[in-house]
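S.K.: Just the structure for this:
(2 chains)
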Amino acid sequence: MKKYNTMKSITAFTLAFLWIIVAGCSDFLEKPLQGKLTQESFPVTASDALLATNGVYNIMRTNAFHQGLFPILDIMSDDARKGSNPDDGAADVGPYDRFRHIPTEGNVSRWWSTLYEGVKRANVVIEKVPLISMDATLKARYIGEAKFLRALFYFDMVRAWGGVPLVTTTTPSTTLTRASVQEVYELIRADLLSAIESLPEKSEYAPGDLGRASKGAAKSLLGKVYLFQGDTQNAEKYLMEVISSTQYSLMPNFADANSEAGVHGAESIFEIGALPYEQIENGGNQYANVQGVRGTPNRGWGFNRPSLDLQRSFEPGDPRLEATVIFLGEVIDDIAIVGDGQTPDETKDAQGNLIEIECYNQKVWTKGTNVPTQFAHNRRLIRYADVLLMAAEVLNKNNKPVQALEYLNDVRERARAGNPAALPDIVTTDKTALDEIIFNERRHELAMEGHRFWDLVRTNRAATVLGPLGFIAGKHELLPIPQIEVDLTQKRIAQNPNWDQ
Amino acid sequence: MRRVFTYLMFTLLPAMVMAQVRTVTGKVTSSEDGLPLPGVSVVVQGTNKGTATDAEGQYSLELAPSETTLIFSFVGYKTQEVAVGERTTIDLVLETDSQMLEEVVVIGYGTVRKSDLTGAVSSVRGEDLTKIPAASPMQALQGKVSGVQITTNTGAPGAGPIVRVRGVGTFNNADPIFVVDGVILSDINYLNAADIQSVEVLKDASATAIYGSRGANGVVLITTKRGTPGKEGMSVNVSAEYSIQQLQKKIDLLNGREFAIIANELRPGSYNNVDAVPNTDWQDQVFQSAPIQNYQVSVTGSTQKMEYYLGLGYFNQEGIIPKSNYERVTLRFNNTYRLGDAVRVGSNLSFTPFKQQNTHINAAFNAYRAQPTIAPRQPDGSYSPVPGVGNPLADIEYTNNFDNVIRSVSNVFGEVDILKGLTLRTSFGVDVEYKKNRSYTPQFFVNAQQENSTSDLTKLFEDRANWLWENTISYNKQLGKSRISAVAGYTMQESTTEKMEVVGENILRDDEDLWYINPDNINGGRVKNEVLLDNYFSMMSYLFRANYTFDDRYLFTATFRRDGSSKFISKNRYANFPSLAIGWNVINEGFMQDVGKLSNFKVRASWGIVGNEKTKYDRQYSGVLNGVGAVFGQNETLYPGSTYGESGNQNLRWEQTQQIDAGVELGFFDDRLNIELDYFHKTTEDILIDLPVPGYLGNGVGKTITYNAAEVLNRGFEYNVSWESEWNGFRYRIGTVGTTIHNEVLNVFGSKDPNDKLFNANSTTATSVGRPIGSFYGYVVDGIFQNQAELDAYPHRSDAGVGDLRFKDVNPDNALTSDDRTYIGSPIPTFLYGLNLEAGFKSFNLSFDFQGQSGNKIYNEKETVRVEMYNFEQHVANRWRGEGTSQTEPKASIGGYNFLPSTRFVQDGSYFRLRNVTLSYKLPAGLLTKMKMNAASVYVRGTNLFTITDFTGYSPEVGFPLDRNQSGVSSLNTGIDAGTYPVSAIYSLGLNLTF
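M.R.: Residues are numbered from 1 along each chain as shown, chains lettered A, B, ... in the order given. Modelled structure (predicted):
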């Protein structure tokens, strides 16, 4: 009996061993990726192509897309101070106010990495969508959208850091070095020219697709790119094409150029759609929350505070001051602005001079009393007033002052909101004087929208205007390459001039 | 012929003297614990007549007049011969056999006589594990085992320590594997220390190679309790312990007035009257003293047919930070049944439900940083806003995070002896866990950066099922002077997991009863369902080991394992792990017989290759990222989007460690003095590491890619010396263990160029050839710029000013650039040691366990993370305030230049700690008998009572920073104090009863 039991056990073991050998031959050790596709199998269908294209736009709602989270471009300019409570961000955001920022600071590295993440997503569309068999027009449009966005990202990069590594494939070499500024602009130009070919005009998009890159957006951006390169002829060409396309006009009310009422409105050339949720995955965008009213109502952190210098620079009676700055005690959309109890209402220097007041950026205001609503602000990246002022600038430079005055005065006329006493039409045709006037008009029309610092740099005004704030010519025109990028590439990505000292 | 005659003589003799029989009775107890010893063989000398003691240690034997001597013998005890004389009662205390040469050591897939062991294996008895009041049994190993570093990284209730065997061999996950009753696990926090019979730490390749791909970081084998075969009877053990934990030390920070003075320097006018500011000690506000309770009852026993163990434990630890605690019930049932002579079946079943509440992750860090000039609450009772970090008390109040976990690690096994010495064994084990996490944040407002505008409820459900089937055949045979034992087998393992995370918003009330997700509150954008990346794999292995011993003198071991893992693509999937070892019991040589004082002398050496496959299953894949939608349209709508996610690395392959070990074991004076010395030399190539990669690859902020990136060497000596003796009833034992470690990177991506560096995510550590892994990297402080002339005279960064730190121009190019950063300290200790002292007199026993390390540095990162105006450590009070006022402490600043990574924040990590002191008292035997008990003891114990160290943080036991800032748990981030939950000092009172 015992022997029988033993025999049975041996049989069982033997069978078990055999089973394992059989199992060993099967794909027991194959564990495919769960819950998501691998990159080899995406995008391969028409609907994949749309998903991949939407994924590129998504990067613009991630918080680090906006200069690393904090609006350091305006803070570096003479238009804004760090803001918030004096302590908050004192050591990381604060230094940008006085050009004391350093290559290890987090905003620059987050911004760098995020823009390249956007480039990678654009490259997915540009590289993979051509291989998909689908409607040719739609295919061309998706690729055009991706090229527009890639150009947009590189344009930020070339202005922020100069020549950067050019990544144009989803499988870049790991030993890339910095391309020249010229090479980056070449890519931007080629992408935008291609986008102009394949993108529809804004009016050709279905209402549900508003917010996608359009022919007008690509031309506006290309015009701006030429402006930054000093090519006023080409800048004029593309900016005039935008104007003559009759796709755009100024919103009657200046505030609506950035408000909810102007979302995808006549003035909007390219903006980032967002929904009132604190999470990116739900459609929110933290850009406006970082700058939102701090305290009561509780809308945000209150960074990027309009400077007294900006406030005092507006022409007397310019209604845009009120529409640009939220002052304490103001009532907007029936909501009283009380502000933050921990933040001094006024800050004075040692001599007792007023140097700062608690106030907020009204360009990012959205109606509401809580935080999530602030996440719904659609940041305008390109709007028609900018195109008009750029056109005025290049037309004046190209010796067409009369035409320049027309567009300049369009902007001023809208701004004066029917008040004949304010903002009289400009009549001078003196090239230098007009250039200065147009430049100042840009400051007031586009204040707190991230233009000022780069405008100062591109027109060589930065050293003069920002010198008192700590700007050093030959250094601060560019941001430092993030130290971690220099380190991780063993200096193949070299630091910008005068930053490593 | 003569033998036959003798035989006849002895068998006939009893019959001849039958008339004069007498009966001898008695009780046999153990010298070790005074407990009765069942199953002791009592034989009449010169006969095969005898008996065995019963469950109470009693025996009774009839003797003929000629039978004058009894021989008492039992495994693990010295055999004693006793002359009967005229006595009819002979009670005997059996001495434990201190030589223990026949002691059996558990090794993977079998056991081996200690004298036959060729590998480096350290054993710890279960009772040593219960000496530290902690949820994890591993904490008690600290300072007890040479070659093993245990770091209690965080004092959070229920948290397990970090275990490192023989240095840091990998960048990735250098944890050893745990094998509990044959089930391979990555953590053992479910285990109740009281259920453990023994722990063996396998250190060299000869010992670990049988675990092949998972042996590279050492193997911790744990055997849980069951009755001893042949030792029939039952005993019941009850123990109870109550402890109080307190913050071991506070960090010396500025008080309100000191802070206000500095704030006024940095921002004039901040405080009108520094003598009238509040003075809040946030550490006093946040930390509390908290109890630990630990109770268990167990039944151990053995019958002719079975051995068993039943254990029930309850452990409850409150945290020294409010709203953190850990409560665990452990149930265990181990048993073996004998079905006839040749078949055994059994199981080890454990069931562990536990609950854990997690407080705010930065509670301790924020208490360290919060400005002391702010009263915790405003006059109206609401929390005061604290700039930058938020109010730590509000953090704690609004954090409600609970884990409810049920875990079972169990196996069933069957063994059949198909021939004498040939045994088939199969074991099927499971490790299943079901975890539910609830995290609720109410709607609240302290200030703009500390608020929650809508209440949030996050629920996380995780299940994990891991099965392991092992089939082995083993053969043991003694052929003349040769002893052979061999085992071969194969094993399969699969681990599957899934998690579901859902988020609800606007929960109607804060009441816990409403913490459920329903269609009205679910946040659809935040539902996540995926596998747990660490626990999704399958593995198949073939293993073989042979031990050969000749004449108890010459020992050979050969081991081979072949592993296949799903974590690598097919061409890299399988790897082979061989090892060889030899040993020589010199003591058993003829020429050693006259060396009187020497009782043990063995030399051994081993070589082998072991692996490491600890990487997440998906690191080989480049996946597609979902949920990246875009908002379009006049009626704004979120449209779905997908794109390429992080890049994977298809070329991942096994990390392989080649290890050489040479050891010598010496025993003197009947092994009262024991010395064990080992040298080890480990080189690990193709180490797996998650590396930060250049941003232009587009992986996104803080993302990493896994690479087989480098080769690293660990070598050193280990010693273990113990002396025990007795003097006039005074017993004492002195033991010491120590390990030296030399850690050095041999190449980085195949390059020997020391300029090729691997950085962590914020370049505070760099790893390059010739240096220890993860060396701190930064500037060297060379004084303070006292005046403008000095500033002008020295190369300096453009952001340096008078009163700031003067950094050394390390590469003498007369310019201070990022190239002047250099290696400013190693996080890896060069020497680890423990000292254990024990003394007893009569019923009292006093023991001290000391433990320490030296040669390592700690980077005080918590002091450098300054984006806002935080409180300062006390040394800032002695800051530079004008020429000549300080040569070491720069002028005060909120952040920036003076807080760049530099030697300013590198501190000596050496320490010497009284880990444990215990005074116990055993109740005398007379009292025990009255109380019908076999043993009873009470004790008082102090844990972590004092630490000698120069380190200014809570505890010099610094492992990894928490996974804050996505810095990740990696060897690139060792020894960085980022402000974790501090380890406490513990005072305990306990009781232990055996029936």
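S.K.: show me the contacts for residue 483.
M.R.: Looking at chain A here, since you left the chain open. A:Pro103, A:Thr104, A:Ser109, B:Ser763, B:Ser818 (C-beta atoms under 8 Å, 6 or more residues apart in numbering or on different chains). Bear in mind the C-beta positions are built from the backbone N, C-alpha and C, glycine included.
S.K.: wait, chain B
M.R.: B:Asp116, B:Asn476, B:Lys477, B:Asn547, B:Tyr548, B:Thr549, B:Phe550.
S.K.: Okay, buried residues for the strand or helix carrying it please.
M.R.: Per DSSP states H and E, B:Arg483 falls inside strand B:482-505. Neighbour counts over strand B:482-505 (16 or more other C-beta atoms under 10 Å in any protein chain shown) mark B:483-499, B:501-505 as buried.
S.K.: Check which element follows that strand along the chain.
M.R.: Downstream of strand B:482-505 (by DSSP H and E), the next one is strand B:528-530.
S.K.: chain center to that following strand: distance?
M.R.: 31 Å (C-alpha atoms, centre = their mean, to the nearest Å).
S.K.: same deal with stretch B:517-526?
M.R.: From the chain centre to the centre of stretch B:517-526 is a distance of 40 Å (C-alpha atoms, centre = their mean).
S.K.: Excluding its own residues, what touches it? List them.
M.R.: Under C-beta under 8 Å, 6+ apart, the answer for stretch B:517-526 is A:277, A:279, A:281-283, B:457, B:459, B:501-507, B:627, B:638.
S.K.: at 10 Å what do you get?
M.R.: A:275, A:277-284, B:454-459, B:501-508, B:514, B:527, B:627, B:629, B:638 (C-beta atoms under 10 Å, 6 or more residues apart in numbering or on different chains).
S.K.: Buried among the residues you listed? Make that a ChimeraX selection.
M.R.: Of the contacts of stretch B:517-526, the buried ones go into a single ChimeraX selection, burial set by 16+ other C-beta under 10 Å:
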select /A:275,277,278,279,280,281,282,283,284 /B:454,455,456,457,458,459,501,502,503,504,505,507,627,629,638
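S.K.: excluding its backbone neighbours, what's nearest residue 315?
M.R.: Answering for chain A, as no chain was given. A:Leu423 (6.1 Å; C-beta to C-beta, 6 or more residues apart in numbering or on different chains).
S.K.: oops, chain B please
M.R.: Nearest one to B:Phe315, counting by C-beta to C-beta, 6+ apart, is B:Arg328 at 4.6 Å.
S.K.: and what of A:Ile75?
M.R.: A:Tyr96 (4.6 Å).
S.K.: Can you list phi and psi of that neighbour for me?
M.R.: phi -60, psi -30 (degrees, to the nearest 10).
S.K.: does B:Asn447 have beta-bridge partners, and which?
M.R.: With DSSP bridges applied, B:Asn447 shows beta-bridge pairing to B:Gln450.
S.K.: can you give me phi and psi for the closest residue to B:Phe841 other than its chain neighbours?
M.R.: Closest residue to B:Phe841 apart from its sequence neighbours, by C-beta to C-beta, 6+ apart: B:Phe730 at 5.1 Å. The phi and psi values for B:Phe730, taken as degrees, to the nearest 10, are phi -100, psi 110.
S.K.: what does B:Leu805 give?
M.R.: The phi/psi pair for B:Leu805 (degrees, to the nearest 10) is phi -60, psi 140.
S.K.: For the residue nearest to B:Phe841, the count of nearby residues, please.
M.R.: By other C-beta atoms under 10 Å in any protein chain shown, the residues close to B:Phe730 number 11.
S.K.: Roughly how far does A:Lys31 sit from chain B?
M.R.: 4 Å (C-beta to the nearest C-beta, to the nearest Å).
S.K.: what do you get for A:Met251?
M.R.: 15 Å.
S.K.: Now for that residue: which residues touch it?
M.R.: Shown in contact with A:Met251 (C-beta under 10 Å, 6+ apart): A:257-259, A:261-262, A:265-268, A:383-385, A:414.
S.K.: Throw the residues you listed into a markdown table and include pLDDT, thanks.
M.R.: Listed next are the contacts of A:Met251 as a markdown table, based on pLDDT from 0 to 100:
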| residue | pLDDT |
| --- | --- |
| A:Ala257 | 97 |
| A:Asn258 | 97 |
| A:Ser259 | 96 |
| A:Ala261 | 95 |
| A:Gly262 | 95 |
| A:Gly265 | 96 |
| A:Ala266 | 96 |
| A:Glu267 | 97 |
| A:Ser268 | 97 |
| A:Arg383 | 97 |
| A:Tyr384 | 98 |
| A:Ala385 | 98 |
| A:Arg414 | 97 |
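S.K.: Would you list the buried entries among those?
M.R.: A:Ala257, A:Asn258, A:Ser259, A:Gly262, A:Gly265, A:Ala266, A:Glu267, A:Ser268, A:Arg383, A:Tyr384, A:Ala385, A:Arg414.
S.K.: From what I see, the first one and A:Tyr248 are in contact.
M.R.: No - the pair A:Ala257 and A:Tyr248 fails to qualify as a contact (C-beta atoms under 10 Å) at a distance of 11.3 Å.
S.K.: between those two, what contacts are shared?
M.R.: Contacts common to A:Ala257 and A:Tyr248, judged by C-beta under 10 Å, 6+ apart, are A:Gly265, A:Ala266, A:Glu267, A:Ser268, A:Arg383, A:Tyr384, A:Ala385.
S.K.: Among these, which ones are in strands?
M.R.: A:Ser268, A:Arg383 (DSSP state E).
S.K.: when you check chain B, which of the shared contacts of A:Ala257 and A:Tyr248 turn up near it?
M.R.: A:Gly265 (C-beta under 10 Å from any C-beta of the partner chain).
S.K.: what's the closest of the shared contacts of A:Ala257 and A:Tyr248 to chain B?
M.R.: Nearest to chain B among these: A:Gly265, at 9.3 Å, using C-beta to the nearest C-beta.
S.K.: so what's the closest one closest to, chain neighbours aside?
M.R.: Closest to A:Gly265 by C-beta to C-beta, 6+ apart is A:Met251, at 5.5 Å.
S.K.: and the stretch 701-850 of chain B, which residues reach chain A?
M.R.: B:701-703, B:705, B:753, B:755-764, B:766, B:777, B:795-800, B:815-821.
S.K.: which of the residues you listed are buried?
M.R.: Buried among these (16+ other C-beta under 10 Å): B:701, B:703, B:705, B:756-764, B:766, B:777, B:795-797, B:799-800, B:816-818, B:820-821.
S.K.: how about residue 259, what does it touch?
M.R.: No chain in the question, so chain A it is. A:251, A:253, A:265, A:323, A:333, A:362-367, A:377-378.
S.K.: That was the other one, I meant chain B.
M.R.: So B:Phe259 contacts B:253, B:270-271, B:274, B:277, B:279-280, B:371-374, B:869-872, B:876-877, B:892 (C-beta under 10 Å, 6+ apart).
S.K.: do B:Arg369 as well
M.R.: Contacts of B:Arg369 by C-beta under 10 Å, 6+ apart are B:253, B:282, B:362, B:386-390, B:392, B:862-863, B:865-866, B:868-872, B:979.
S.K.: Buried ones among the residues you listed?
M.R.: B:253, B:282, B:362, B:386-390, B:392, B:862-863, B:865-866, B:868-872, B:979.
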